[in-house]
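1. what's the 3D shape of this:
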Amino acid sequence: MRRLHVHLLSDSTGETLENIAKAVLALYDDVEPVRHFWPMIRTEAHLERILQEIAQNPGLVLFTLVNAESRRRLETRCMALGLPAVAALDPVVDAVSALLGQQAKARAGRQHVLDDRYFARVDAIQWSMAHDDGIASEDWEQADIVLAGVSRSSKTPTSIYLANRGFKTANIPIVVESPPPPILFELKRPLVVGLTTSADRLIQVRRNRLLSLNQAPATDYVDHEAVSREVAYARRMFADNGWPVIDVTRRSIEETAAAVIALVTDRDGDE
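-> As a prediction, this is how the structure comes out:
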C-alpha cells in the first residue's frame, strides 16, 4: 500500500477542504493517506511553520486561502519543491464568475454561517493549537479531551481534527525520561485517551522524520529495543490509570478521531 502525504491548508475552519479531500481520496485503492490538517492560517509565521512541515513530508497540497500573498508564498515554495499545490475551489469559482459576469468576494470562511457552532469550532481549534505537545498544562481541566502517547503517535493531527469537530483537545508526549506533570493524573472533566502503536510502525515513521530533517538515524529514537521499552512504558501508564487506549497502527486520523469521539459519547451518555 502506497502512503501519500496530503496537506490541507485553509484560512478558515477547513471543513470544505477536508470534505473535498475525503471524496477524492475515496476514489483510489491501495493508498494510505497521511493527512496534515492546517486550519485558521492567518499569519506569515504560521504559514512558514507549515511550509517547513510540507518540505519535511512532501506530498499533495490542497488549499483554500483567500489572502493573495499567502497563496503566492505557498505556490512558490511548492513549485520549488516540485510539489502540486491545488486551489481546491478555484475552478468552480472561475466558472461561476464567468457565468455571472462578476468577481467572487474574497472573504475567509464566507460559505459558513457565523452561528454559535461555527464560533465554537474556531475557539476549539485555537485552544487546541495553543495546548499542543504538553503546553500550558495548567489549563487542561478546561479541555474536552487530552490525548497522551509517545512521540509520533499522531497526537497533533488527531487533536486538530477533533478541534475542527468542536472538541477542545490537548495532547502530551509520554517520555520515559520525563514523566508527565502530576495534573495529568488529577483531571476530572476531560477524557484522557492513550494513543499507542506498534514499535515497528513507530520506528518507520520516526526514521522517515529523521531523514527528512537530515539527521542521523542511528539513535535511541529509532532503536528497536529502546522504542519497545518506550511503547511498553506508555501502555503501562494507560493501564495503571484506567484510561481508554486506541491503537493507531493501522488507523487513519479520521478513524482515530471517530474512535475518540465514540468514547466521549459513551462516557457522556453514562453520566
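2. contacting residues for Arg235?
-> Gly194, Thr196, Val245 (CB atoms under 8 Å, 6 or more residues apart in numbering). Glycine gets a C-beta too; all of them are placed from N, C-alpha and C.
3. considering those residues, which possesses the most neighbours?
-> Of all these, the highest neighbour tally under other CB atoms under 10 Å goes to Gly194, namely 22 neighbours.
4. can you tell me the SS state at that one?
-> Following DSSP: H, G, I helix; E, B strand; the rest coil, we place Gly194 in the strand state.
5. so where do the helices sit in the stretch 1-150 of the chain?
-> 15-25, 44-56, 68-81, 90-100, 116-129 (DSSP state H, counting those that start in this stretch).
6. how about those helices in JSON lines, adding mean neighbour count?
-> Shown next, in JSON lines, are the helices of the stretch 1-150 of the chain (neighbours: other CB atoms under 10 Å):
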{"stretch": "helix 15-25", "mean neighbour count": "16"}
{"stretch": "helix 44-56", "mean neighbour count": "15"}
{"stretch": "helix 68-81", "mean neighbour count": "15"}
{"stretch": "helix 90-100", "mean neighbour count": "11"}
{"stretch": "helix 116-129", "mean neighbour count": "17"}
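7. can you check what pLDDT the model gives Met40?
-> Predicted confidence (pLDDT) for Met40: 83.
8. would you confirm that it contacts Ser12?
-> Yes: assessed by CB atoms under 8 Å, Met40 is found in contact with Ser12 at 7.1 Å.
9. what about the two, which has more around it?
-> A direct count of neighbours by other CB under 10 Å for Met40 and Ser12 places Ser12 higher, at 24 against 21.
10. if I look at the more buried one, how far off is Gln102?
-> Note on Ser12: its distance to Gln102, by CB to CB, to the nearest Å, is 22 Å.
11. same check on Pro58?
-> As judged by CB to CB, Pro58 and Gln102 stand 38 Å apart.
12. list just the one of the helices of the stretch 1-150 of the chain that sits closest to Tyr221.
-> Closest of those to Tyr221 is helix 44-56, at 15.3 Å (criterion: CB to CB).
13. how big is the angle separating the closest one from helix 68-81?
-> Angle, helix 44-56 to helix 68-81, by axes from the mean of the first three to the mean of the last three CA atoms, to 10 degrees: 20 degrees.
14. got the angle for helix 44-56 vs helix 116-129?
-> With the same axes, to 10 degrees applied, the angle from helix 44-56 to helix 116-129 works out at 70 degrees.
15. skipping adjacent residues, who's closest to Ala257 in space?
-> Tyr161 (4.5 Å; CB to CB, 6 or more residues apart in numbering).
16. tell me the pLDDT of the one you found.
-> On pLDDT, Tyr161 comes in at 88.
17. likewise for His112?
-> Note on His112: pLDDT of 48.
18. what is the burial count for Arg3?
-> Neighbours of Arg3 (other CB under 10 Å): 13.
19. again with the one 10 residues further on
-> The burial count assigned to Thr13 is 21, neighbours taken as other CB under 10 Å.
20. what about it, distance to Ile160?
-> For Thr13, the distance to Ile160 equals 11 Å [CB to CB].
21. common neighbours of these two, please.
-> Taking CB under 8 Å, 6+ apart as the criterion, Thr13 and Ile160 both touch Pro39, Ile125.
22. thinking again about what came up before, let me have the helices of the stretch 1-150 of the chain in JSON lines, extended by mean pLDDT and distance to Asp220.
-> JSON lines is the format used below for the helices of the stretch 1-150 of the chain (pLDDT from 0 to 100; distance: least, CB to CB, whole Å):
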{"stretch": "helix 15-25", "mean pLDDT": "86", "distance to Asp220": "35"}
{"stretch": "helix 44-56", "mean pLDDT": "90", "distance to Asp220": "21"}
{"stretch": "helix 68-81", "mean pLDDT": "91", "distance to Asp220": "31"}
{"stretch": "helix 90-100", "mean pLDDT": "81", "distance to Asp220": "46"}
{"stretch": "helix 116-129", "mean pLDDT": "83", "distance to Asp220": "29"}
